[in-house]
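Participant: Attaching a predicted model along with its sequence, questions to come.
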Amino acid sequence: MRVQRASGIKFDFEPRLLTEMFDATVARLGAKPAVNFLGRITSYDELARSVARAAAGLQALGVMRGSRVALCLPNITYYPVLFLATLRAGGIVVNVNPLYSRHELRRLLADSGAEIVATCDVPDIHARVSSVAAELGLRHVITCPIAGALPRGKSLAYRLFKRREIARTPRDGRHLTYARLVAGRASATPVTVRPDAAAVLQYTGGTTGILQAATLSHANLVANAEAIVVHQGGERPGQERVLGVIPLFHVFALTTVLNFAIRVGGEMILLPRFDRNLLLQTIERTRPTFFPAVPTIFSVLSDAARKRPVDLAGCNCVSGGAPLPLKVGPAFEQATGAKLVEGYGLSETSPIITCNPIDGVNKRGSVGPPFPGTTIEIRDRKDPTQILPAGRNGEICVRGPQVMKGYWHRPKASAAVRVDGMLRTGDVGHLDKDGYVYIVGRIKDVILSGGYSVYPRMIEDALYEHPAVAEAVVIGVPDPYRGQVPKAFVTLLPGHPATRAELHDFLRDRISKIEFPRDLEIRKTLTKTLAAKLSGRERTGRGRPGQRRDSRRGDGAARQAGAPG
């Protein structure tokens, strides 16, 4: 009997630190561009000097081996600087989405044990971060001014015309500016760290549906960056221009934009948010050679190409974070001249597990064969010790150097997603005769909205905090722009009236904008079908017992890829 097992091509991988990978690139390509933020270019030599000063500043603030430093930043030059500086100082990076609500920030920062958080001077973001940091007693908040990363002309204009939109840094012992952070020593005290040490805490509902941190080591992340080089057929030192519109706080961008660029000495072209016109202008100005993004962005570019030329000839594009609609790939390639392939991964796997080849057979509807150094098996969902025969759908399980150490401080949860040394992804699919993976559903329900992972439970739990809500269920409904958006259904307790507007207002400070239901219906009752398929309230003892629907494509929480804003 032929069982479903496939392995990617072998490649020589020597575990090393992310900072060692960076140092090697600086040594051979120091004069090459490293970061291009809205036209301001920083070379690898300049980046290295900034990293050294920031690392020394972090050590002066008490960062040592194992300290957690949270980065709550958009795509801006400060991110790669502070990412590498934290690792240089021996610390662990905690990735934080700046769009998180106060409640989500509080949970994540408390769980990680972060001592320091860096954020930007956008007032809304800065106020949320500062408030939560004070509540939790974080030692320091580092304010990174947007204007300080811009080209000179844009920086002056930003300070002049946006001055009311710039947060002021409080003058107290907790807050400091980035300028003050890097004002001290020119280099950090060396810290001994092993390649298998934790480098990043990447929060995800992942394979469990509960917010927790995948602990990714230096070796995990270096291995995935090395595998990209092998996957695309080798490296072109100093020649890659990597377009980063998906946010670096997501592991998809962290690996495919930042770490890949560092590995090959490429130029990171960073955009702080998705803006169609800005993206089109950036493509024309910089001519990227490598472009990872979510399906929504590729669809937007295809539509834009109907009105104006979008020239991406010679650019290798990778779609992740959500299912790539079958029509989008060919339409995008025809409209732009680029190559577009689809991949798949999890936060728990740093993140890439599979990807269609850049040069080779690109099977539409498949997420491709295993990545270099990766082994995939299809196992029985009820008895994961059994590998299924060809032709049957089962749980996708993976082994490789990119697989996480485990969940941060959760040994039971870490053990629960392992079987025979493999990671259980929670995704259901099969392999074809060529070893290509096809995903047909997921065990745990997640709504994939424009590449972000939205968990119905988070929205439902927020609705249940309202005193008038008796039952609440949330589903994903089709949306032409984001693929899916959440929709909520509620019933009210007798004698407790509430309106849609009131419930919407109630949710605003409890969930993020990404999670906010596009629509909310108040019903007298929830039908048996709706409640049975969607409520899943047996976990809290509220509402009707049942099971959420099983949607197409793997656990998007772990495949967070960023999304247009």
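Facilitator: Nice, thanks for sending it over. No experiment lies behind these values; they were computed from the predicted model shown.

Participant: From now on I want contacts and neighbour counts done on CA atoms only, so please keep to that.
Facilitator: Will do.

Participant: what sits against residue 138?
Facilitator: Contacts here follow CA atoms under 8 Å, 6 or more residues apart in numbering; on that basis residue 138 touches 114-117, 174.

Participant: In three-state terms, label it for me.
Facilitator: Classification of residue 138 into helix, strand or coil gives coil, according to DSSP: H, G, I helix; E, B strand; the rest coil.

Participant: Now for residue 40, how many residues are close by?
Facilitator: Neighbours of residue 40 under the rule other CA atoms under 10 Å: 14.

Participant: what do you get for residue 237?
Facilitator: 15.

Participant: for this structure, longest helix please?
Facilitator: Of all the segments of type helix in the chain, defined by DSSP state H, the longest one is helix 44-60.

Participant: any low-confidence regions in the stretch 301-450 of the chain?
Facilitator: By pLDDT under 70, the low-scoring segments of the stretch 301-450 of the chain are 443-445.

Participant: lowest average confidence, helix or strand, in this structure?
Facilitator: None of the helices or strands of the chain scores lower by mean pLDDT, DSSP states H and E than helix 528-534, at a mean of 37.

Participant: per the record, what domains does the chain have?
Facilitator: Following automatic domain parsing, one finds the domains of the chain at 1-16+209-445+550-565, 22-194, 447-539.

Participant: so which of these is the most packed in?
Facilitator: Neighbour counts averaged per stretch over the domains of the chain are highest for domain 1-16+209-445+550-565, at a mean of 21; criterion: mean count of other CA atoms under 10 Å.

Participant: Report the distance from it to the chain centre.
Facilitator: 11 Å (CA atoms, centre = their mean, to the nearest Å).

Participant: Tell me how far residue 160 lies from residue 271.
Facilitator: Note on residue 160: its distance to residue 271, by CA to CA, to the nearest Å, is 21 Å.

Participant: What of residue 111?
Facilitator: Remark: distance between residue 111 and residue 271 (CA to CA) = 30 Å.

Participant: ok, now residue 345?
Facilitator: 23 Å.

Participant: Using the three-state scheme, assign residue 353.
Facilitator: Here residue 353 takes the strand state, with states given by three-state DSSP.

Participant: about what we covered before: could you dump the domains of the chain into JSON lines and include distance to residue 203?
Facilitator: Output for the domains of the chain, formatted as JSON lines (distance: least, CA to CA, whole Å):
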{"stretch": "domain 1-16+209-445+550-565", "distance to residue 203": "4"}
{"stretch": "domain 22-194", "distance to residue 203": "7"}
{"stretch": "domain 447-539", "distance to residue 203": "11"}
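
Participant: Any idea which of those has the lowest pLDDT on average?
Facilitator: Per-stretch mean pLDDT for these is lowest at domain 447-539 (a mean of 81).

Participant: Tell me which helix or strand residue 333 sits in.
Facilitator: helix 328-336 (DSSP states H and E).

Participant: Output that helix as PDB, restricted to C-alpha atoms.
Facilitator: The C-alpha coordinates for helix 328-336 follow below in PDB (Å, rounded to 0.1, in the frame of the first residue of the first chain):
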ATOM      1  CA  VAL A 328      -6.400  35.300  -9.900                       C
ATOM      2  CA  GLY A 329      -3.100  33.700 -10.800                       C
ATOM      3  CA  PRO A 330      -3.500  33.500 -14.600                       C
ATOM      4  CA  ALA A 331      -5.100  37.000 -14.700                       C
ATOM      5  CA  PHE A 332      -2.300  38.500 -12.600                       C
ATOM      6  CA  GLU A 333       0.400  36.900 -14.700                       C
ATOM      7  CA  GLN A 334      -1.200  38.000 -17.900                       C
ATOM      8  CA  ALA A 335      -1.700  41.600 -16.700                       C
ATOM      9  CA  THR A 336       1.700  42.200 -15.200                       C
END
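
Participant: Need the contact partners of the helix or strand just after that helix.
Facilitator: Counting by DSSP H and E, the next helix or strand C-terminal to helix 328-336 is strand 339-345. Outside strand 339-345, the residues that touch it by CA under 8 Å, 6+ apart are 314-321, 324, 329, 332-333, 351-358, 362, 366-368, 558-559.

Participant: How about residue 79, nearest residue that isn't a chain neighbour?
Facilitator: residue 73 (6.5 Å; CA to CA, 6 or more residues apart in numbering).

Participant: Tell me the spacing between that neighbour and residue 48.
Facilitator: 20 Å.

Participant: likewise residue 439?
Facilitator: In terms of CA to CA, residue 439 sits 41 Å off from residue 48.

Participant: cool, and residue 336?
Facilitator: Counting by CA to CA, the gap from residue 336 to residue 48 is 35 Å.
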